[in-house]
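J.: Fold the following for me, if possible:
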Amino acid sequence: SKKSTAVKQTNSAPPLTSTISTLSSATTIDEEDELLYGNSMASFLNSNNDCQNPNDDQQMNDETEEKHDAKIAIITKTEPTYWLFIVRENGVLEIYNLPEFKLVYLIKNFPLGLRVLVDSIQTTDHSYQNQTDMLTMPITKEILVCGLGLQNSHPYLFARFDEDFFIYEIFSFYESQVENHLKIRFKKIGSHLQFIKLPKFYENVDQVCLYENRSWLRSFTNVGGFSGVFLCGPYPCWFFMTYRGELRSHSMDMDGSISSFAMFNNVNCPNGYLYFNDNEELRFSTLSNRYELDSYWPYKHIPINRTVHYVNYHPESKTYAIVTSRLIDITQIVRIGGEEKDYDLIEADSRYIHCKTEQFELELLSPVNWTVIPGTLVQFDEWEHITALKTVMLASEGTSSGLKGYIAVSTNYSYGEDVTNRGRIWIFDVIEVVPEPGKPLTKNKIKIVYCKEQKGPVTAICQVCGYLLSATGQKIYIWQLKESQLIGIAFIDTQIYVHAAISLKNLILVSDVYKSISLLRYQEETRTLSLVSRDHRSLQVYACEYLIDNSQMCFLVSDMNKNLILYAYQPDQLESIGGTRLIRRGDFHLGSFVNSFFRIRCRIQFKNIDNRLKQTYLRRHITTFATLDGSVGYL
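T.: Numbers count the residues shown, from 1 in each chain. Sure thing, here's the model as predicted:
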């Protein structure tokens with residue numbers, strides 16, 4: 001109290017009359033500035049020793065020393081503390097302080113993975129634990145506690161089990177009533193990582209025990225500018241603490257199982273790491289700075305400088321076909337009389353502001369350096385809009401499999417509401433040529449196989465049993481490519497306007513702009529395209545796709561109300577009326593418009609996997625969707 005009083009007296013302002021009299025006695029401008037903005041009150045008063053009392057001088061010196069002492073920042077050294085985390089066989093997590101080895105925190109049923117872990121120190125007798133609960137309790141294989149983030153100020157707890165993995169964030173909680181115990185709690189963070197029991201990687205039992213009992217959790221600092229934890233084992237995974245203070249997890253199963261990991265910093269490998277893979281190979285690596293890791297999925301931004309409408313992969317050339325558009329000035333007006341087209345140029349002066357329209361283009365993108373391959377640009381007409389882009393496998397006699405990959409494009413001429421719309425079907429082939437000197441990417445060229453105008457706008461396109469399927473308004477046609485010509489073999493009339501078609505073997509799922517979805521079937525023996533079932537309700541569909549899980553298959557639909565709707569074909573159900581109606585099995589309100597679906601088969605991570613488990617993985621697909629809000633998800 002005495003010190004606080006002295007500080008209060010020092011910080012008190014001098015009387016106003018004294019300050020005014022002091023300023024009036026100043027002789028120069030520098031002295032006035034020093035008196036106004038400087039800290040020279042004591043020196044000014046000391047300069048007038050003749051007119052002051054010695055007792056006043058002593059009092060002023062004491063106040064000046066106290067004032068300087070109050071302004072000196074006292075840096076206190078923080079002594080480090082040490083804590084020991086123990087998980088017992090009965091599933092109790094205990095925290096002890098060192099070196100006193102005193103129990104300061106206790107958590108019961110730690111392997112159950114509760115959302116929030118609290119201190120349950122009130123019950124210290126563990127003899128009541130039921131033996132049956134101990135046998136069913138998951139065994140904790142390994143735990144790791146480390147500080148992440150800026151100055152390691154965010155502690156995290158990592159726990160590994162037989163078939164699960166937990167991450168807890170430790171935060172302060174001062175409402176605890178237990179004295180001399182840690183004022184903290186644990187909050188669970190979703191890691192989206194779950195282990196699967198697989199066959200042993202080693203034939204020797206001793207090697208298996210050694211591999212499982214090895215430390216899998218390795219903390220690291222400044223690996224590519226990140227700090228975090230690396231998880232070894234058959235499911236290697238990175239846990240990064242990003243610049244925004246969020247913990248991100250990214251798997252690294254490209255090299256199989258990883259048995260050991262360590263940081264490594266060298267001139268040839270700056271801020272890198274090294275590890276042993278499943279083949280006992282030591283690899284020196286660095287994190288790529290071309291990918292953004294501060295996200296749910298790692299991604300890389302590829303500048304195209306145009307609006308991208310469609311992207312499709314061509315497996316034979318290992319390139320991507322992309323459809324882009326750019327705005328151009330309208331310099332002519334189209335006038336159509338019958339089958340003839342007349343173009344009238346717009347007469348305008350230099351101050352005339354032209355209207356804009358989209359110019360669509362097709363190019364090939366190389367995944368080697370993610371640049372456009374030179375010489376693969378295909379420009380479409382000025383009023384021609386691309387409605388669909390697909391990589392189709394069509395029947396061909398020149399290949400051993402009997403199928404050849406082509407790039408199919410459907411277009412529509414949008415002249416206006418007074419002109420009847422027409423469209424074209426384009427079929428391109430990616431061929432290999434002799435590359436130009438110094439340009440190895442120019443080995444791929446685009447060749448036009450077929451291009452012909454149709455009687456209406458071509459709104460959807462896909463493949464079915466080696467044939468090409470196209471939708472022209474409400475009519476659906478199946479074509480056979482023979483000698484660079486399309487020969488019609490089947491057709492069917494649908495609802496109002498088909499804008500999407502997805503095929504799976506001989507089944508075709510089509511979506512109408514207003515009349516929901518329909519399921520079609522093509523019979524190759526009789527060359528018949530027939531309707532199997534459809535949804536009789538009115539629904540404005542944005543996109544559709546199949547949802548496959550082993551032997552179960554459903555149809556996924558997104559509508560204009562930001563919903564995801566699930567349909568199923570179950571003819572044995574009474575409400576399906578003999579299989580003519582699709583049954584609505586579920587729906588989700590996503591809150592975003594979904595305009596694109598993509599289905600891919602689940603990937604197998606290990607080679608030595610059981611055949612039955614392998615077939616289960618091969619029959620399970622992931623359906624990925626993209627929204628107009630810029631988000632990506634999967635089912």
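
J.: Going by C-alpha atoms from here, please, whenever you check contacts or count neighbours.
T.: OK.

J.: Which stretches in the stretch 201-350 of the chain count as helices?
T.: 205-213 (DSSP state H, counting those that start in this stretch).

J.: So which residues of it form strands?
T.: Taking DSSP state E, counting those that start in this stretch as the test, the strands found in the stretch 201-350 of the chain are 217-223, 226-231, 237-241, 247-251, 260-264, 272-276, 282-285, 307-314, 319-329, 332-337, 340-345.

J.: Measure how far the last one is from the centre of its chain, please.
T.: What that stands for is strand 340-345. With C-alpha atoms, centre = their mean, to the nearest Å as the basis, strand 340-345 stands 48 Å off its chain's centre.

J.: Give me the angle between the next helix or strand after it and strand 319-329.
T.: Following the chain from strand 340-345 toward its C-terminal end, the next helix or strand by DSSP states H and E is strand 356-366. If you take axes from the mean of the first three to the mean of the last three C-alpha atoms, to 10 degrees, strand 356-366 sits at 160 degrees to strand 319-329.

J.: Okay, now the sheet partners of the following helix or strand past strand 356-366, with direction.
T.: Counting by DSSP H and E, the next helix or strand C-terminal to strand 356-366 is strand 371-372. Note on strand 371-372: by DSSP bridges, its sheet partners are strand 356-366 (antiparallel).

J.: Please spell out which residues along the strand it pairs with are buried.
T.: The neighbour-count check on strand 356-366 (16 or more other C-alpha atoms under 10 Å) flags 358, 359, 360, 361, 362, 363, 364, 365, 366 as buried.

J.: what's the closest of the strands of the stretch 201-350 of the chain to residue 421?
T.: Proximity to residue 421 (C-alpha to C-alpha) singles out strand 332-337 among the strands of the stretch 201-350 of the chain, at 10.9 Å.

J.: Now the residue most central in space within the chain. Nearest residue, chain neighbours left out?
T.: Closest to where the C-alpha atoms of the chain average out (C-alpha atoms, centre = their mean) is residue 297, at 3.0 Å. Leaving aside its chain neighbours, residue 297 sits nearest to residue 250 (7.2 Å; criterion: C-alpha to C-alpha, 6 or more residues apart in numbering).

J.: Was I right to think residue 444 contacts residue 429?
T.: No: applying C-alpha atoms under 8 Å as the test, residue 444 and residue 429 come out as separate, 10.0 Å apart.

J.: neighbour count winner among those two?
T.: More neighbours surround residue 444 than the other of residue 444 and residue 429, with 22 against 19 (other C-alpha atoms under 10 Å).

J.: so that one bridges to which residues?
T.: residue 432.

J.: Report the contact partners of it.
T.: By C-alpha atoms under 8 Å, 6 or more residues apart in numbering, the contact set of residue 444 is 317, 373, 376, 430, 431, 432, 433, 435.

J.: Buried among those residues? Make that a ChimeraX selection.
T.: Of the contacts of residue 444, the buried ones go into a single ChimeraX selection, burial set by 16+ other C-alpha under 10 Å:
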select :317,373,376,430
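
J.: Which residue is the nearest non-sequential neighbour of residue 414?
T.: Counting by C-alpha to C-alpha, 6+ apart, the nearest residue to residue 414 once its immediate chain neighbours are dropped is residue 383, at 5.8 Å.

J.: what about the one you found, distance to residue 416?
T.: 10 Å (C-alpha to C-alpha, to the nearest Å).

J.: measure the residue nearest to residue 414 to residue 356 for me?
T.: From residue 383 to residue 356 the distance is 11 Å (C-alpha to C-alpha).

J.: Check residue 303 too.
T.: 23 Å.

J.: and if you look at residue 551?
T.: Taken as C-alpha to C-alpha, the span from residue 551 to residue 356 is 50 Å.

J.: same check, this time on residue 604
T.: Going from residue 604 to residue 356 by C-alpha to C-alpha gives 49 Å.

J.: Find the nearest non-adjacent residue to residue 332, please.
T.: Nearest non-adjacent residue to residue 332, counting by C-alpha to C-alpha, 6+ apart: residue 345, 4.2 Å away.

J.: shouldn't the one you found be in contact with residue 330?
T.: No: assessed by C-alpha under 8 Å, residue 345 is found out of contact with residue 330, at 9.3 Å.

J.: so how many other residues sit close to residue 591?
T.: 12.

J.: Please apply the same query to residue 501.
T.: There are 26 residues near residue 501, going by other C-alpha under 10 Å.

J.: give me the number of residues near the nearest residue to it once chain neighbours are set aside?
T.: Of all residues not flanking residue 501 in the chain, residue 510 sits nearest, at 4.4 Å (C-alpha to C-alpha, 6+ apart). Other residues near residue 510 come to 24 when the count uses other C-alpha under 10 Å.

J.: re the thing from before, any idea how many residues pack against the residue nearest to residue 414?
T.: Residue 383 has 18 neighbours, counted by other C-alpha under 10 Å.

J.: which residues touch it?
T.: Taking C-alpha under 8 Å, 6+ apart, we find residue 383 in contact with 357, 358, 359, 413, 414, 415.

J.: Let's see that with 7 Å instead.
T.: Residues near residue 383 by C-alpha atoms under 7 Å, 6 or more residues apart in numbering: 413, 414, 415.

J.: What are the neighbouring residues in contact with the first one?
T.: It stands for residue 413. Residues in contact with residue 413 (C-alpha under 7 Å, 6+ apart) are 383, 384, 385, 421, 422, 423.

J.: How about the contacts made by the fourth one?
T.: With contacts defined as C-alpha under 7 Å, 6+ apart, the neighbours of residue 421 are 412, 413, 414, 456, 457.

J.: how does it look with 6 Å?
T.: 413, 456, 457 (C-alpha atoms under 6 Å, 6 or more residues apart in numbering).

J.: so the last one makes contact with residue 412?
T.: This points to residue 457. Yes: between residue 457 and residue 412 there is a contact at 4.9 Å, judged by C-alpha atoms under 6 Å.

J.: Residue 500 is in contact with residue 459, isn't it?
T.: No: Residue 500 is not in contact with residue 459 according to C-alpha under 6 Å; the separation is 7.4 Å.

J.: Output stretch 358-365 as CSV, nothing but the C-alphas.
T.: C-alpha atoms of stretch 358-365 as CSV (Å, rounded to 0.1, in the frame of the first residue of the first chain):
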residue,chain,number,x,y,z
GLU,A,358,-19.4,-14.6,-74.6
GLN,A,359,-16.8,-16.2,-76.9
PHE,A,360,-16.4,-19.9,-76.0
GLU,A,361,-13.2,-21.8,-76.5
LEU,A,362,-11.9,-25.3,-76.0
GLU,A,363,-8.3,-26.0,-74.9
LEU,A,364,-6.1,-28.8,-73.4
LEU,A,365,-4.5,-28.3,-70.1
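
J.: how much space is there between the nearest residue to residue 390 once chain neighbours are set aside and residue 506?
T.: Of all residues not flanking residue 390 in the chain, residue 408 sits nearest, at 5.3 Å (C-alpha to C-alpha, 6+ apart). Distance, residue 408 to residue 506, using C-alpha to C-alpha: 19 Å.
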